[in-house]
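Visitor: Sharing a model prediction with you, sequence too.
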Amino acid sequence: MERVARIAAHLIPQERHEQANSIQQHATAAQGLPKVAVLGAAGGIGQPLSMLLKMMPNIGELSLYDVVGTPGVAADVSHMDSKPKVTSHLGPEQLPNALYNSHLVIIPAGVPRKPGMTRDDLFNINAGIVKTLCEGIAKYCPKAWVAIISNPVNSTVPIAAEVFKKAGTFNAAKLFGVTKLDVARANAFVGEILEVDPAQVNVPVIGGHAGVTILPLLSQAQPKIHLPDAKAKALMERIQNAGTEVVEAKAGKGSATLSMAYAAAKFAESCLKALQGEPGVIECAYVSSHLTDLPFFASPLRLDQNGIAEFLPIGRMNELESANMAALKKELSGSIKKGVDFANGGASKAGDAGKSSSSPAAQPSSGSDVPKSKSETTGPLYAPGTARAPKSQQAHSQSTKSQPSSGSDVPTKKEETTGGRY
């Protein structure tokens, strides 16, 4: 090999050597970074979320999946001059390659809230979508971190947990319901009142992700905010109903897609920092939890490379917050049970949920079929795994005698999640 290199040095100009080395180094660096998959990338949240993720230098591959429109979204964001490589995956038969080797999977798939829609309306459509996508995750990237945006989060996260339990891949430390938007709204509204930069505000938000289950702990806000009881109650209710505020402001033409995409990108950024070993990463999320008598609950968490490393104390609540806590428990308990029952066949089947949609073909869903074309994936990161490789990659896997997968082993903990509305 040394002799060949010397001969090549005489035949190939030095500039081309340097250019080739630079390209090779860039490719190698990209392979050492996480692969992030977005399921539902062509939707109202998925598109701006994909754009924000493409701006992150600590992503190696951005894998975009949907049942319609993915090629256009992928082509659009791939023109951005930023590091992540973009791959496009269209339809259930390409879901395996979209997921394979992923380290973080973000799920905004499903239908958004529209004026007059109840959480039951959302559930009847989105529950089946989340269930089938999680079946794909269990098969093709079982060690990935999973961040669920699809509403009602209070129910869809328990559905995901049940799917993973049945598949034998459940890791409570790596399953999250994204409630970051509730925190962002609380910070924004408090910053507005205090006339300070919202980025410097921190309001813990616990409970769930819908209406009364959203509990902003205004008494623990930093910097401190002092409000009369009536105004504190009004502010709490504004945070709880902020999703409706946006839906009504858009007059039937959408929901909180942009702010949700922003919040999801911020949450993803925190997950990636933790995955890559940055210490002291704190986030609120809806997870399997032991902090209350509910099996899923949103609260501040410390993250590390293995997922949830620590549940931070909730702290003392004032009278208003304590009263809201009692109310949220009843509501949240019912939402959790609804998700668990659905996953275990106690509610309508996934196929029945699909029939509730006016456009079944537009529903993202996972399939066990193998993609017809091979999609590029990044190499193993952090730990080898046991994911089933798509057939288009199995020949390569057999030749290398290894099948990479995402994530590292994590001790299982009891965690909680909440569902809700944007």
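Guide: Yes, it's here.
Visitor: where does this protein dip in pLDDT?
Guide: Judged against pLDDT under 70, the low-scoring parts of the chain cover residues 1-31, 113, 119, 346-389, 391-422.
Visitor: Strands of the stretch 101-250 of the chain, residue ranges please.
Guide: Under the criterion DSSP state E, counting those that start in this stretch, strands of the stretch 101-250 of the chain are mapped to 104-107, 145-148, 175-177, 205-207, 214-216.
Visitor: Show me what the last one pairs with in its sheet, parallel or antiparallel.
Guide: In other words, strand 214-216. Applying DSSP bridges to the sheet, strand 214-216 is found paired with strand 205-207 (antiparallel).
Visitor: so how far is the partner strand from its chain's centroid?
Guide: Centre-to-centre, strand 205-207 and its host chain are 18 Å apart (Cα atoms, centre = their mean, to the nearest Å).
Visitor: Show me what it is in contact with.
Guide: The list of residues contacting strand 205-207 from outside it, by Cβ atoms under 8 Å, 6 or more residues apart in numbering, reads 179, 182-183, 186, 213-217, 239, 284, 297-300, 314, 325, 328, 332, 418. Where you see a C-beta, it was placed from the backbone N, CA and C, and this is true even at glycine.
Visitor: In PyMOL, select just the buried ones from those.
Guide: With 16 or more other Cβ atoms under 10 Å as the burial test, the buried ones among the contacts of strand 205-207 are selected in PyMOL as follows:
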select buried, resi 179+182+183+186+213+214+215+216+217+239+284+297+298+299+300+314+325+328+332+418
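Visitor: Tell me which of the contacts of strand 205-207 fall in helices.
Guide: Using DSSP state H, the members of the contacts of strand 205-207 that fall in helices are 182-183, 186, 239, 325, 328, 332.
Visitor: Including distance to Lys250, could these go into JSON lines?
Guide: Formatted as JSON lines, those follow (distance: Cβ to Cβ, whole Å):
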{"residue": "Asp182", "distance to Lys250": "19"}
{"residue": "Val183", "distance to Lys250": "22"}
{"residue": "Ala186", "distance to Lys250": "21"}
{"residue": "Ile239", "distance to Lys250": "19"}
{"residue": "Met325", "distance to Lys250": "31"}
{"residue": "Leu328", "distance to Lys250": "27"}
{"residue": "Leu332", "distance to Lys250": "27"}
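Visitor: most tightly surrounded among the strands of the stretch 101-250 of the chain?
Guide: Each of these was assessed for mean neighbour count using mean count of other Cβ atoms under 10 Å. The highest is strand 175-177, with a mean of 32.
Visitor: If you count contacts, what does that strand end up packed against?
Guide: In this structure, strand 175-177 makes packing contacts with strand 145-148, helix 153-167, strand 281-288, judged by 3 or more Cβ pairs under 8 Å, 6 or more residues apart in numbering; DSSP states H and E.
Visitor: Including distance to Pro115, could the ones you listed go into CSV?
Guide: Formatted as CSV, the entries for those read as follows, by distance: least, Cβ to Cβ, whole Å:
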stretch, distance to Pro115
strand 145-148, 24
helix 153-167, 20
strand 281-288, 25
